[in-house]
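Chemist: next come a sequence and a model predicted from it.
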Amino acid sequence: MVDFRHNQYNITDTHSDWFEQEYEFDNPGKYTFTVDIYDAEWNHEDSFEFTLIMSDESFESDFHLENATVYIDLAPHTNYEGEILTNYYLDVYRLNENDEWDTWDNQQVYEV
């Protein structure tokens, strides 16, 4: 166990409750969180786990033009090859005849 936090939350008899807790990570890694739920008499009522991957993610980018085509080269750098699905959203603008930027509506999502 890397760290332990304890807080008390009032969970009501509804279909959903919301609680949150903040953590800071100094090192990239795969972190698994376990939540145990007890009643007022410390009887174990429920538990669940979830896992997050905290990564130092960055990428180098380069582009060049050939006629009316723009080629973009992205070189991602992550700590977890293949475990993180990365989506890149590209916004394309063009300069119109009034020297104003127009958004080009032809957008796609690229997965790496």
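Modeler: Alright, I've got the coordinates. Keep in mind it's a predicted model, so treat the numbers as computed, not measured.
Chemist: what's the nearest residue to Asp17 once chain neighbours are set aside in contact with, if anything?
Modeler: What sits nearest to Asp17 in space, not counting adjacent residues and going by Cβ to Cβ, 6 or more residues apart in numbering, is Ile11, at 4.8 Å. (Glycine included, C-beta is placed from N, CA and C.) Residues in contact with Ile11, defined by Cβ atoms under 8 Å, 6 or more residues apart in numbering, are 17, 19, 37.
Chemist: likewise Thr32?
Modeler: 49-51.
Chemist: against Met54, how distant is it?
Modeler: 12 Å (Cβ to Cβ, to the nearest Å).
Chemist: then Ile11?
Modeler: From Ile11 to Met54 the distance is 27 Å (Cβ to Cβ).
Chemist: could you measure from Val92 over to Ile72?
Modeler: 10 Å.
Chemist: list the buried residues of stretch 55-67.
Modeler: Within stretch 55-67, the residues scored as buried using 16 or more other Cβ atoms under 10 Å are Ser55.
Chemist: distance between that stretch and the chain's centre?
Modeler: 19 Å (Cα atoms, centre = their mean, to the nearest Å).
Chemist: averaged pLDDT, that stretch. What do you get?
Modeler: For stretch 55-67, mean pLDDT rounds to 81.
Chemist: which residue ranges of the chain form helices?
Modeler: With DSSP state H, there are no helices along the chain.
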